[in-house]
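*Asks:* The sequence isn't on hand, but the structure is:
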Ligand code: FES
């Protein structure tokens, strides 16, 4: 499933680079070699970052 149509980023791309060092959507996109453009996808990305952080704390 494509999450970011501006950069053609799939959910699997996002999940592949999630790590404790990535604390923002901007940082995550930088890891993927792109930048946020329209911003419509950032809510999903931010939620993934929060979920990833929560899983690490359990
Ligand atoms: S959909 Fe991701 S920046 Fe536009």
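*Replies:* Happy to help now that I have it. Remember, predicted model here, so these are calculated numbers, not experimental data.

*Asks:* near the ligand, which residues of the protein show up?
*Replies:* 4-7, 36-41 (C-beta under 6 Å from any ligand atom). Heads up, the C-betas are built off the backbone N, CA and C, glycines and all.

*Asks:* okay if I get these as CSV plus secondary structure?
*Replies:* Formatted as CSV, these follow (DSSP: H, G, I helix; E, B strand; the rest coil):
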residue, secondary structure
4, strand
5, coil
6, coil
7, coil
36, coil
37, coil
38, coil
39, coil
40, coil
41, coil
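
*Asks:* Just the buried ones among these, please.
*Replies:* 4, 7, 36, 41 (16 or more other C-beta atoms under 10 Å).

*Asks:* on contacts alone, who are the packing partners of the longest helix seen in the chain?
*Replies:* Criterion DSSP state H: the longest helix present in the chain is helix 42-57. When contacts are defined as 3 or more C-beta pairs under 8 Å, 6 or more residues apart in numbering; DSSP states H and E, helix 42-57 packs onto strand 2-4, helix 11-17, helix 25-31.

*Asks:* need those in a markdown table with mean pLDDT, can you?
*Replies:* A markdown table is the format used below for these (pLDDT from 0 to 100):
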| stretch | mean pLDDT |
| --- | --- |
| strand 2-4 | 96 |
| helix 11-17 | 93 |
| helix 25-31 | 95 |
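
*Asks:* Residue 50 is nearest to which of the ones you listed?
*Replies:* helix 25-31 (11.1 Å; C-beta to C-beta).

*Asks:* And the residue nearest to residue 20 when sequence neighbours are not counted, what's its pLDDT?
*Replies:* In this structure, residue 20 finds its nearest non-sequential neighbour in residue 56, 6.2 Å apart by C-beta to C-beta, 6 or more residues apart in numbering. Residue 56 is assigned 71 on the pLDDT scale.

*Asks:* hang on, residue 56 packs against residue 21?
*Replies:* No - between residue 56 and residue 21 there is no contact under C-beta atoms under 8 Å: 11.5 Å.
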